[in-house]
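Engineer: got a sequence here, can you model it:
(one chain, ligands or ions: 1)
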Amino acid sequence: KPEEDERALLDFLGNVSLSRPLNWNKDSSVCQSWTGVLCNKDQSRVIALRLPRAGISGPIPPSTLSRLSALQILGLRWNSMSGSLPSDFSKLKNLTGLHLQSNSFSGPLPSDWSVWPNLTVVNLSNNEFNGSIPSSISNSTYLTTLDLANNSLSGEIPDLYLPNLQMLDLSNNDLAGRVPRSLQRFPSQAFVGNNVSFEDDASPPALRTKHPGVGPPKNASKLSEPALIGIVIGGCLLGVVAIALFTIMFCSRGGIKRRGLLKSQKRQEVSQKKRGVAESEEKDNKIVFFEGCNYTFDLEDLLRASAEVLGKGTFGASYKAALEDATTMVVKRLKEVSAGRKEFEQQMEMVGRIRHENVAQLRAYYCSKDEKLLVYDFYGEGSVSSLLHGDRCERRGALDWETRLKIAIGTARGIAHIHTQNGGKLAHGNMKSSNIFLNPEGFGCVSDVALAPVMDQIPLPLLRISGYRAPEMTDSRKPSQASDVYGFGVLLLELLTGKSPMHATSSGDEVIHLVRWVNSVVREEWTAEVFDMELLRYPSIEEEMVEMLQIGMACVARMPEQRPKMPDVLRKVEEIRREHTATEPSPEIKSPGSTSAPSPTREGAETASPSARQS
Ligand SMILES: Nc1ncnc2c1ncn2[C@@H]1O[C@H](COP(=O)(O)OP(=O)(O)OP(=O)(O)O)[C@@H](O)[C@H]1O
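Structural biologist: Sure thing, here's the model as predicted:
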C-alpha cells in the first residue's frame, strides 16, 4: 500500500495554500479517490500527480513531492506556485513529464538533468525562471517537448543534442547570441521575443540537418501517423493533407478563421500553434470534470494525446486517446451541436451526475464555441455491436448465452435508471448496440446518454436506416422513454438473432429490417429459425430465448402506448433466468436481491470504472 506516498502527499498539501479544498483525506483510498493521483497497476505506488488549476499557491515544500520516488508525471500547471524548484527533485528519477507551466516559479532551472534520463515532456513556460539554459538538458535524451517560453531566461542558448525533440519553444525570454546549430531545425517562432540570431541563415537547410544529433527524430516516420497528430486530427491522413492545403490557401489570403484546437498537419505545428489557441481558449473554456473522475488532464494533454479513431457515429467521431501517462480514455468530438452553450452545459451537468454501474459515466466535458468534447472511460472489449457483428473468429465463444443475458439485464437496468432521472422524464435517446459496452462484471452498460436533445436533428432517412428508430419518432431531438423501449427491444432481437437491425440478405439484393423479419417469422410459427446459429449450440436455453423474444417483441410494438414501461421490461428480463433455473441458480447471474448491481431505482450507486486503469 502506498502509505509512504500518501504521507508525502499529505505533507505537500499541509504546506501549500489552497483556494479550494482537495478531497485528500486519510480515510479514503489514495489510489482510488484522491483527485489528481494516479497509481500503478497494483496500486502500490503513486505514479502521476496532476493538479491543473487546483488553486495551489506557495512554493513546493521541500522533501514532500520528492519522496514520491515512483512518480513519472508531475503536473501542477495553471496554479499560483512560486519559489524555485526544490533541489531534491533530483530524486524523482522516474520522471517522464514535468508540467509546471503558468505558475510563478522563479530562480534558475535545475543544473543537472542527468538525474532524469527518462524525461520526455518538459513544460516550464509562463513562469519567472531566470538564469541560463543549462546544457545538461542534453542528458534527457528522450525529450520530445521542451517549452521554456515566457520566462526570464538569459545568456546564450547552449547546443542541445536532443535527437527526439519535436517541439521547442524558447520564445519571450532574454536570451542572446546565436541559435546553436543543433536547434536551427526549429522554426524561428521558437526563438522570437529574444535577442538571438540564426548563425548560418544563408546555409542550405540540408547542411543544417547533417549536424550530428540534429537529424530527423528517430521516430520521425511516426509523425505521419494519425495517432501522433493529436486528438482530433488523429483521424484521417487525407483530411490532414486537405486541411493543410486549405490552411495554406486561406492563410496566404490572410482570411482564415481560427478553428480552434484541432487543425494542422504536423504535431510540431500543432503543439506550437495550437497551444496558443488552447491557452487563450482556456481562459473562458475549460474541461469540466465530474466527481469521481480520476483523470487529470487538461486541454494541452488532450492535444498531445496520441489518438486512434474508433469510429464515426451520428453525433461525431470517437477517439481512443492515450495520455502521456498511458491513461486511456475515449474522447467523443461532437459535431453540429444545436444547443447554445448554457443549454449544452446544463444537459451535460445532468448527464454527468448519473451514477450507475450500468451507465457509462460521462467523466468530463469541454465546451467552447468551436468544440464540444466528451470524455468517457475506454471499454477495451468494444461495444456489443462489435462483439456481435465484428470479425466472427474474434468473437467466437465470446458471446455465449450467459453473456448475452447479462448484456440484456445490464442494459435494462441502465435504461430503467436513466428513466428515473430528471424527475422521471429523461430518455436515453440513442439506443443501439454500438452504445452498449460491458462493465467489469460483464453486464451491459449504456453510453451516450441523452445527447440527442442538444444535437442537430438527424435527417429522417438516416434515422430510418439505423433500424433502431421507433416508428413514431420523427424528430431525433425529442426522444421519448417509449422510443428507448423500442430501441431496447431491437437490441434484444439483435442479441437473439445475431443479426444487425438493418442488414442485407446473403444474396445482397435486399435489405432486411430486423423487426419486420422477426415479426414475420414468428407469425408463421414459433421457430428456431430466428435464433443465432451460435446459440443453438447451448443445450436447454430455448425456453429462455423464447422468453426474451417475447419481451423483445412486446418492446417493438408499433404503437408507443402498447409498449411496456422500462421497470416492467427490467423485471421480465431479470426473471428469464430465475424462472428456468430456480433449482439451480447460475453462479454468474444472481437474483436481483443478491446481485452486486444496484436496483434500477437506487440512486448514487458506486461507479463502474472499466478502463484499462482498473486492470
Ligand atoms: N467508451 C468507449 N469505449 C470503447 N469504444 C467506444 C467507446 N465509445 C464509443 N466507442 C466505439 O467507437 C465507435 C464510434 O462511436 P460513436 O459513439 O462515435 O458512434 P456510434 O456509437 O457508432 O454512433 P452514435 O454517434 O449514434 O452513438 C463505435 O464503434 C463505438 O462502439
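Engineer: do you know how far F531 is from V546?
Structural biologist: For F531, the distance to V546 (C-beta to C-beta, to the nearest Å) stands at 9 Å. The way it works is simple: take the backbone N, C-alpha and C, and place the C-beta from them, glycine included.
Engineer: I meant R353, not that one.
Structural biologist: 39 Å.
Engineer: now do S57
Structural biologist: S57 is 66 Å from V546, by C-beta to C-beta.
Engineer: from the stretch 251-400 of the chain, which residue is nearest to the ligand?
Structural biologist: Nearest residue of the stretch 251-400 of the chain to the ligand: G313, at 2.0 Å (C-beta to the nearest ligand atom).
Engineer: and that residue, how many residues sit next to it?
Structural biologist: For G313, the neighbour count with other C-beta atoms under 10 Å is 18.
Engineer: now it. Nearest residue, chain neighbours left out?
Structural biologist: S434 (6.9 Å; C-beta to C-beta, 6 or more residues apart in numbering).
Engineer: need phi/psi at G311.
Structural biologist: Dihedral angles of G311 (phi, psi; degrees, to the nearest 10) stand at phi 160, psi 170.
Engineer: actually G83, sorry about that
Structural biologist: Phi and psi for G83, reported as degrees, to the nearest 10, are phi 80, psi 180.
Engineer: cool, the one 10 residues further on as well?
Structural biologist: The phi and psi values for K93, taken as degrees, to the nearest 10, are phi -70, psi -20.
Engineer: how many other residues sit next to it?
Structural biologist: Counted with other C-beta under 10 Å, K93 comes out at 12.
Engineer: that one and the ligand, how far apart?
Structural biologist: 34 Å (C-beta to the nearest ligand atom, to the nearest Å).
Engineer: quick check: that residue vs L146, distance?
Structural biologist: Using C-beta to C-beta, K93 is found at 19 Å from L146.
Engineer: what of R185?
Structural biologist: Going from R185 to L146 by C-beta to C-beta gives 13 Å.
Engineer: phi, psi for the closest residue to L399 other than its chain neighbours please.
Structural biologist: Nearest residue to L399, sequence neighbours excluded (C-beta to C-beta, 6+ apart): L387, at 5.4 Å. As for L387, its main-chain torsions (degrees, to the nearest 10) stand at phi -70, psi -40.
Engineer: Provide the secondary structure category for the residue of the stretch 401-550 of the chain found nearest the ligand.
Structural biologist: Using C-beta to the nearest ligand atom, the single residue of the stretch 401-550 of the chain nearest to the ligand is S434, 3.6 Å away. What DSSP: H, G, I helix; E, B strand; the rest coil gives for S434 is helix.
Engineer: so who does it touch?
Structural biologist: 311, 313, 383-386 (C-beta atoms under 8 Å, 6 or more residues apart in numbering).
Engineer: so who does V446 touch?
Structural biologist: 358-360, 411, 414-415, 418, 428, 431, 435-436.
Engineer: hang on, I meant I60
Structural biologist: Applying C-beta under 8 Å, 6+ apart, we find I60 in contact with 12, 16, 76, 81, 83, 85-86.
Engineer: and L451, by the same measure?
Structural biologist: Counting by C-beta under 8 Å, 6+ apart, L451 has contacts 315, 334, 351, 374, 429-430.
Engineer: buried among the residues you listed? Need that as a selection in ChimeraX.
Structural biologist: Here is the ChimeraX command that selects the buried residues among these (16 or more other C-beta atoms under 10 Å):
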select :315,334,351,374,429,430
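Engineer: so which of the contacts of L451 comes closest to S66?
Structural biologist: Checking the contacts of L451 against S66 with C-beta to C-beta, the nearest one is L374 at 36.7 Å.
Engineer: mind checking the SS state of the residue of the stretch 1-150 of the chain found nearest the ligand?
Structural biologist: Here the residue of the stretch 1-150 of the chain nearest the ligand is L38; by C-beta to the nearest ligand atom that distance is 18.8 Å. Of the three states, L38 takes strand under three-state DSSP.
Engineer: what's the closest non-adjacent residue to it?
Structural biologist: With C-beta to C-beta, 6+ apart as the criterion, L38 has its nearest non-adjacent residue at 3.9 Å, and that residue is A48.
Engineer: ok, A176 next?
Structural biologist: Residue nearest to A176 in three dimensions, not counting chain neighbours: N195, with 4.6 Å by C-beta to C-beta, 6+ apart.
Engineer: then L460?
Structural biologist: According to C-beta to C-beta, 6+ apart, the nearest residue to L460 is T474 (6.3 Å).
Engineer: pLDDT value on that neighbour, please?
Structural biologist: The model reports T474 with a pLDDT of 89.
Engineer: close enough to count as contact, it and P459?
Structural biologist: No - T474 lies out of contact with P459 (C-beta atoms under 8 Å); the separation is 10.6 Å.
Engineer: surely E534 meets K499?
Structural biologist: No - at 11.7 Å, E534 and K499 do not qualify as touching, with contact defined as C-beta under 8 Å.
Engineer: contacting residues around stretch 514-522?
Structural biologist: Residues contacting stretch 514-522 (C-beta under 8 Å, 6+ apart): 467, 489-490, 493-494, 497, 499-503, 527, 529-530, 549, 552-553, 556.
Engineer: go with 6 Å
Structural biologist: Stretch 514-522 is contacted from outside by 493, 499, 501, 529-530, 556, using C-beta atoms under 6 Å, 6 or more residues apart in numbering.
Engineer: equivalent analysis for stretch 558-572, please.
Structural biologist: Where contact means C-beta under 6 Å, 6+ apart, the residues beyond stretch 558-572 that reach it are 412, 415-416, 419, 471-472, 482, 485, 551, 554-555, 557, 600.
Engineer: centre of the chain to it, how far?
Structural biologist: Per C-alpha atoms, centre = their mean, to the nearest Å, the displacement of stretch 558-572 from the mean C-alpha position of its chain is 34 Å.
Engineer: quick check on E349: phi, psi?
Structural biologist: Main-chain dihedrals, E349, degrees, to the nearest 10: phi -60, psi -40.
Engineer: tell me the spacing between it and F290.
Structural biologist: Where F290 is concerned, E349 sits at a distance of 9 Å (C-beta to C-beta).
Engineer: now S434
Structural biologist: From S434 across to F290, the span is 23 Å (C-beta to C-beta).
Engineer: quickly find the element holding M548.
Structural biologist: Take DSSP states H and E as the rule and M548 turns out to sit in helix 542-555.
Engineer: just the mean pLDDT for that helix, thanks.
Structural biologist: Throughout helix 542-555, pLDDT has a mean value of 91.
Engineer: CA-only coordinates of that helix in PDB, if you can.
Structural biologist: C-alpha atoms of helix 542-555 as PDB (Å, rounded to 0.1, in the frame of the first residue of the first chain):
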ATOM      1  CA  GLU A 542     -34.500 -22.500 -25.800                       C
ATOM      2  CA  GLU A 543     -37.200 -21.600 -23.300                       C
ATOM      3  CA  GLU A 544     -35.100 -18.600 -22.100                       C
ATOM      4  CA  MET A 545     -34.500 -17.500 -25.700                       C
ATOM      5  CA  VAL A 546     -38.200 -17.700 -26.500                       C
ATOM      6  CA  GLU A 547     -39.000 -15.700 -23.400                       C
ATOM      7  CA  MET A 548     -36.500 -13.000 -24.400                       C
ATOM      8  CA  LEU A 549     -38.000 -13.000 -27.800                       C
ATOM      9  CA  GLN A 550     -41.500 -12.300 -26.400                       C
ATOM     10  CA  ILE A 551     -40.100  -9.400 -24.300                       C
ATOM     11  CA  GLY A 552     -38.300  -8.000 -27.300                       C
ATOM     12  CA  MET A 553     -41.400  -8.200 -29.500                       C
ATOM     13  CA  ALA A 554     -43.500  -6.500 -26.800                       C
ATOM     14  CA  CYS A 555     -41.000  -3.700 -26.700                       C
END
